[in-house]
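Visitor: test case, fold it:
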Amino acid sequence: MMTSNGILTTYESLSELTGSMLDAARLGEWDQLAELEQQCKAHVGNLMQSTQVRLNEKEQRSKIAIIRSILQNDAKIRALTEPHMHELQQQLHMTRTGQRGVHAYGAQRA
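Guide: Take a look at the predicted model:
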């Protein structure tokens with residue numbers, strides 16, 4: 001069972017990880033970003049599996065502040081990654097179109 005301190009520590013780790021993810025996104029370090037995302041998923045999984053622990057008012061305020069920080073980092077990460085994802089989708093579309101052309105041309109030659 002996770003304690004209130006453990007929960008806050010996990011949220012703080014998540015906040016630090018999302019900060020590192022933001023740095024990676026700013027630098028275009030997509031592999032590092034993906035690795036950090038997996039670490040975040042593990043922390044979120046731990047939080048999801050933990051039993052509900054009552055937090056006192058101070059702890060609850062801390063948790064809310066940390067979650068706000070995580071959400072701000074997430075929004076900034078998405079703003080940086082969406083253009084990259086769009087570019088990848090365009091490249092995939094062009095590759096598929098090229099492959100269809102090769103297949104169609106190859107079928108005509110046969």
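Visitor: doesn't D74 make contact with G19?
Guide: No. Look at G19 against D74 with Cβ atoms under 8 Å: they stay out of range, at 10.8 Å. All C-beta atoms are positioned from the backbone trio N, CA, C, and that covers glycine.
Visitor: between those two, who's got more neighbours?
Guide: G19 (17 against 14; other Cβ atoms under 10 Å).
Visitor: pLDDT score for the more buried one?
Guide: We have a pLDDT of 97 for G19.
Visitor: tell me what the helix or strand bottoming out on mean pLDDT in the chain is packed against?
Guide: Within the chain, no helix or strand scores below helix 57-109, which has a mean of 81 by mean pLDDT, DSSP states H and E. Secondary-structure packing of helix 57-109 (3 or more Cβ pairs under 8 Å, 6 or more residues apart in numbering; DSSP states H and E): helix 4-27, helix 30-49.
Visitor: and that helix with helix 30-49, angle?
Guide: Helix 57-109 runs at 130 degrees relative to helix 30-49, counting by axes from the mean of the first three to the mean of the last three Cα atoms, to 10 degrees.
Visitor: now the angle between helix 4-27 and helix 57-109, please.
Guide: Using the same axes, to 10 degrees: helix 57-109 against helix 4-27 is 40 degrees.
Visitor: distance from the chain centre to helix 57-109, please.
Guide: On the basis of Cα atoms, centre = their mean, to the nearest Å, helix 57-109 sits 10 Å off its chain's mean C-alpha point.
Visitor: please apply the same query to stretch 38-49.
Guide: Worked out by Cα atoms, centre = their mean, stretch 38-49 lies 12 Å from the chain centre.
Visitor: that one: which residues count as buried?
Guide: Buried residues in stretch 38-49, counted by 16 or more other Cβ atoms under 10 Å: C40.
Visitor: which outside residues touch that stretch?
Guide: Stretch 38-49 is touched from outside by 2, 7, 10-11, 13-14, 17-18, 21, with contacts defined as Cβ atoms under 8 Å, 6 or more residues apart in numbering.
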